[in-house]
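1. here's my sequence, what's the structure:
(2 chains)
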Amino acid sequence: MIRFYHIFKSYSGDKYSLSDLSLHIAPGEFVFLTGASGAGKTTLLKLVIREEVPTKGQILVYGRNVSSLPISKIPKLRRSIGVVFQDFKLIKNKTVFENVTFVLKTLGFDMKERRMRALNVLKQVGLQSKIHSYPQQLSGGEQQRVAIARAIVNDPVLLLADEPTGNLDPEMSAEIMKLFAKINMRGTTVLIATHDQVLIESMQQRVLVLDGGRLATDTANGRVYSL
Amino acid sequence: MMKYLTFTLSEALTNLWRSRVLNMLSIGTIGFSMFTLSMFLFLGQNLKKVSVSWASHIQFQMFLRDDIETDNRLLIHEFLEQQLTVQKVQYLSKEEARQRFQLSFKGYEEVNEKLSFNPFPASFSVHLIQGTGEETLEDLFKQLQKMKGIEDITYNRDVYEKLGFFANLFNMAGWFFGGIMIFASIFTISNVLKLTFFTRREEVDIMKLVGASHATIRGPFIFEGLFQGLLGSVMGLSFAYIGVLMLRNYLNQHPEIFLSHIELVFLGPIWVFFLIVAGCTAGMLGSLFSLKEFLHEHISYE
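-> Numbers count the residues shown, from 1 in each chain, chains lettered A, B, ... in the order given. This is a model prediction of the structure:
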């Protein structure tokens, strides 16, 4: 699913955000990416969706070499990946329903299909009663659930989340994690960047620890993967 | 393709309505420039029409000396009638000239009564066929000047030339000011759309992240510019047309005004179509300029 081969990423000069990073995430895996601020978590996610290009090395996502992907092919890559952000990134003047269907509208789905998919996905995240609400009328947890609904509405094979519980209380964070687990059980690969150690421990999934742009440890249920 | 067009059009119309106050600025600017351009073109075309109409009825007056012999007068008359370029020759005797003065200037009847002699010369009024060139006319004058008994030849060529000159001047001024205004419109639309992008950057960011194609992201903005141009040019032309109707009405009520007898004609359908297309193009160009800059700075895929 995702393979990093000796990835280096520098934004300026000799300072590297990621340094000689190699990893492999198999299809259907649930993986946490953790580390201190500035460890390179967000950079890694940006490289996967080709928002950034590595300074050196190769990245394969579902067999596609993302590092050398032509610009015209980037939209196709992103259609197979769902992304969730810490600040939700919802469109304020659109309702919950419109926020979710907007993605489908952009991708050319017809009205009937849009409606069916949006209602289905909003039901999955437990927001079927809030479809006419605007983001500012929702709690932080609800807004994040809308963002998750939007990310999975076009059935992506990979779901990336950057600090998805950063703005939520522990109870709400646990709810959101359950939702991610549910999505993962359907076969979607999930990669979550977070520094919330309590949450990571509670989920008992594979954990990649970044330190200074390098992969420090790679563990799953106490087992350390070879680095 | 249909899905793309439906999405693009619906997004463009929604966005136009959503930022209607800001968009009115663009529409107003393009409307004003189209109004200016169409009014100048209208004036130029109507003046041209007058000058062409006058030029197609070229005539000159030839005044005869008081002591001209009848044979000479008849010779001149015969010479004129033989010319291919001459359509009609009218002779006006001294007495007829005086009578015409009395009829035309009724308040000055006493002038004639007080004078012991008739000061008005006999004359020939010569109408030339349509399209007579200036060289032919000059040749004719040269031949007439060689004949005996001719006092003076008057030809109001200056008026035609001036009128033609003003018609061209109005057309040129129209293109000059209209051109400047169109560039100002492109600039305004470009900046207004930049503001619109800024308010919608999150939306565009999301579109980019979910894999919307370049065309899908750009389409609504380009159509927005096009609609602004379309609405602006239709508005400008409508105001110009209302202005022409009002001017026509005013001139009908005030026949004493110079050239008030002319039937004013608004720009033809080809011109109207051209100006609307020009407005749409200006809108699209404004949109493309700002898009290029904005997409590169804020939401580039690169």
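2. quick one: terminal-to-terminal distance for stretch B:256-266?
-> 22 Å (CA to CA, to the nearest Å).
3. got the residues of chain A near chain B?
-> A:49-50, A:71-72, A:74-81, A:83, A:89, A:91, A:93, A:102-103, A:105-108, A:110, A:150, A:154 (CB under 8 Å from any CB of the partner chain). In this view, the C-beta of every residue, glycine as well, is placed from N, C-alpha and C.
4. quick check: closest non-adjacent residue to the residue of the stretch 51-200 of chain B found nearest chain A.
-> Residue nearest to chain A within the stretch 51-200 of chain B (CB to the nearest CB): residue B:200, separated by 8.6 Å. Once flanking residues are discounted, residue B:200 sits nearest to residue B:15: 7.3 Å by CB to CB, 6 or more residues apart in numbering or on different chains.
5. around that neighbour, how many other residues sit close by?
-> Around residue B:15 there are 21 other residues, counting by other CB atoms under 10 Å in any protein chain shown.
6. okay, buried residues for the helix or strand containing it please.
-> Secondary structure from DSSP states H and E places residue B:15 in helix B:2-18. By neighbour count on 16 or more other CB atoms under 10 Å in any protein chain shown, the buried set for helix B:2-18 is B:7, B:8, B:11, B:12, B:15, B:16.
7. so what's the predicted local confidence for residue 137?
-> By default, I'm working from chain A. What the model reports for residue A:137 is a pLDDT of 95.
8. that's the wrong chain, I meant chain B
-> For residue B:137, pLDDT reads 78.
9. right, and it touches residue B:58 too?
-> Yes. If you go by CB atoms under 8 Å, residue B:137 and residue B:58 touch, sitting 7.4 Å apart.
10. can I assume residue B:76 sits in a strand?
-> No. Going by DSSP: H, G, I helix; E, B strand; the rest coil, the assignment for residue B:76 is helix, not a strand.
11. now do the helices in the stretch 101-250 of chain B.
-> For the stretch 101-250 of chain B, helices defined by DSSP state H, counting those that start in this stretch occupy the ranges B:109-114, B:134-145, B:157-199, B:201-209, B:214-253.
12. and these as a markdown table, adding mean neighbour count?
-> As requested, those are exported to a markdown table (neighbours: other CB atoms under 10 Å in any protein chain shown):
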| stretch | mean neighbour count |
| --- | --- |
| helix B:109-114 | 10 |
| helix B:134-145 | 13 |
| helix B:157-199 | 17 |
| helix B:201-209 | 19 |
| helix B:214-253 | 19 |
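13. make JSON lines from the ones you listed and add distance to residue A:168 to it.
-> Formatted as JSON lines, those follow (distance: least, CB to CB, whole Å):
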{"stretch": "helix B:109-114", "distance to residue A:168": "105"}
{"stretch": "helix B:134-145", "distance to residue A:168": "89"}
{"stretch": "helix B:157-199", "distance to residue A:168": "27"}
{"stretch": "helix B:201-209", "distance to residue A:168": "20"}
{"stretch": "helix B:214-253", "distance to residue A:168": "31"}
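14. of all these, which one is nearest residue B:273?
-> helix B:214-253 (10.2 Å; CB to CB).
15. and chain A, is the closest one touching that?
-> Yes. Using CB under 8 Å from any CB, helix B:214-253 reaches chain A at B:214, B:216.
16. re the thing from before, which neighbours do residue B:137 and residue B:58 share?
-> Here residue B:137 and residue B:58 have B:128, B:155 as joint contacts, going by CB atoms under 8 Å, 6 or more residues apart in numbering or on different chains.
17. residue contacts, the residue of chain B found nearest chain A?
-> Closest contact between chain B and chain A, by CB to the nearest CB, is at residue B:211 (3.5 Å). Counting by CB under 8 Å, 6+ apart, residue B:211 touches A:74, A:75, A:76, A:77, A:78, A:79, A:80, A:81, A:107.
18. likewise for residue A:91?
-> A:98, A:99, A:102, A:135, B:202, B:203, B:206.
19. what's the closest of those to residue A:201?
-> Looking across the contacts of residue A:91 and measuring by CB to CB, the closest to residue A:201 is residue A:135, at 31.0 Å.
20. mind listing what the closest one touches?
-> Residue A:135 neighbours (CB under 8 Å, 6+ apart): A:88, A:90, A:91, A:92, A:96, A:99, A:143, A:146.
21. count of neighbours near the residue nearest to it when sequence neighbours are not counted?
-> Counting by CB to CB, 6+ apart, residue A:90 is the residue found nearest to residue A:135 once chain neighbours are left out, at 4.2 Å. Per other CB under 10 Å, the neighbour tally for residue A:90 reads 23.
22. ok, back up a step: from residue B:74, how far out is the residue of the stretch 51-200 of chain B closest to chain A?
-> 88 Å (CB to CB, to the nearest Å).
23. next one: residue B:4
-> 84 Å.
24. go on, residue A:180?
-> 115 Å.
25. more neighbours, these two?
-> Ranked by neighbour count (other CB under 10 Å), residue A:180 and residue B:74 place residue A:180 first, with 22 against 11.
26. run through the residues that contact the more buried one.
-> Contacts of residue A:180 (CB under 8 Å, 6+ apart): A:30, A:148, A:159, A:161, A:164, A:190, A:192.
27. can you redo those as CSV with pLDDT?
-> Formatted as CSV, the contacts of residue A:180 follow (pLDDT from 0 to 100):
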residue, pLDDT
A:30, 95
A:148, 91
A:159, 95
A:161, 94
A:164, 89
A:190, 96
A:192, 95
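28. could you identify the most distant pair in the residues you listed?
-> Taking CB to CB, no two of the contacts of residue A:180 sit farther apart than A:30 and A:148, at 14.3 Å.
29. could you find the closest non-adjacent residue to residue B:88?
-> residue B:127 (4.2 Å).
30. was I right about the one you found contacting residue B:86?
-> Yes. Here residue B:127 lies in contact with residue B:86, judged by CB under 8 Å, at a distance of 7.3 Å.
31. distance check, residue A:158 against residue A:1.
-> 7 Å.
32. common neighbours of the two, please.
-> A:61, A:62, A:189.
33. now the residues you listed: which count as buried?
-> A:61, A:189.
34. between the shared contacts of residue A:158 and residue A:1, which is nearest residue A:121?
-> residue A:189 (17.8 Å).
35. thanks a lot, see you next time.
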